[in-house]
Each structure stands twice: as C-alpha cells, then as structure tokens.
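Student: Sequence unavailable; structure follows:
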C-alpha cells in the first residue's frame, strides 16, 4: 500500500481511570465513523500506560497546526464555514 499512516500516542499515566476509559469510548466512536471529512481511523492498541491510535496521515496538517500558524489572528468567517461544513 502507498498510503501513509500516523500513530497518535496518548499517555494516560497521570489521568484518573475514568478519563482513560472515556478516551477508549471516544476511540470506539471514531472507529464507527466513515466520512471523507474526518481523518480515517485504522486501529488502536494499548501499550503500558499509552493509548496508540493508528490514523490516516493528513499531508496538509491538522487543525491544531493550522491554528498555530495563525499567530493569534482570527480566522475569517468564510474560512470557518469551509472548514466545518
């Protein structure tokens, strides 16, 4: 396969057990979603205190990196509509 994937690693060592369980429920929900507008989920596994999520690679970056590039400037309303619709 020529597809690139990433592993998102979430360290739950300092979290209360309830929060870690909520994360697992969120992963189960992600596994059920199938949309061209949501990053594709492939699999997840737990290793020690870390939850590892295997997902499609976003070659244009993720929303968090896009926000950081804004340097505290607000997004235009038009951009927000395009992003979230």
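Tutor: Looks like it arrived, so ask away. Note that the structure is a prediction, hence the values are computed from the model and not measured.
Student: Packing partners of the longest helix seen in the chain?
Tutor: Longest helix in the chain, counting residues (DSSP state H): helix 17-32. With contacts taken as 3 or more Cβ pairs under 8 Å, 6 or more residues apart in numbering; DSSP states H and E, helix 17-32 sits against strand 41-47, strand 50-56. The C-beta positions use only the backbone N, C-alpha and C, and glycine is treated the same way.
Student: which of the ones you listed is buried the deepest?
Tutor: Stretch with highest mean neighbour count among the helices and strands packed on helix 17-32: strand 50-56 (a mean of 16; mean count of other Cβ atoms under 10 Å).
Student: Direction included, what does that strand pair up with?
Tutor: Here strand 50-56 has these sheet partners by DSSP bridges: strand 5-11 (antiparallel), strand 41-47 (antiparallel).
Student: can you tell which of those strands is closest to residue 75?
Tutor: Among those, the nearest to residue 75 by Cβ to Cβ is strand 5-11 (23.8 Å).
Student: and that closest one with helix 17-32, angle?
Tutor: 160 degrees (axes from the mean of the first three to the mean of the last three Cα atoms, to 10 degrees).
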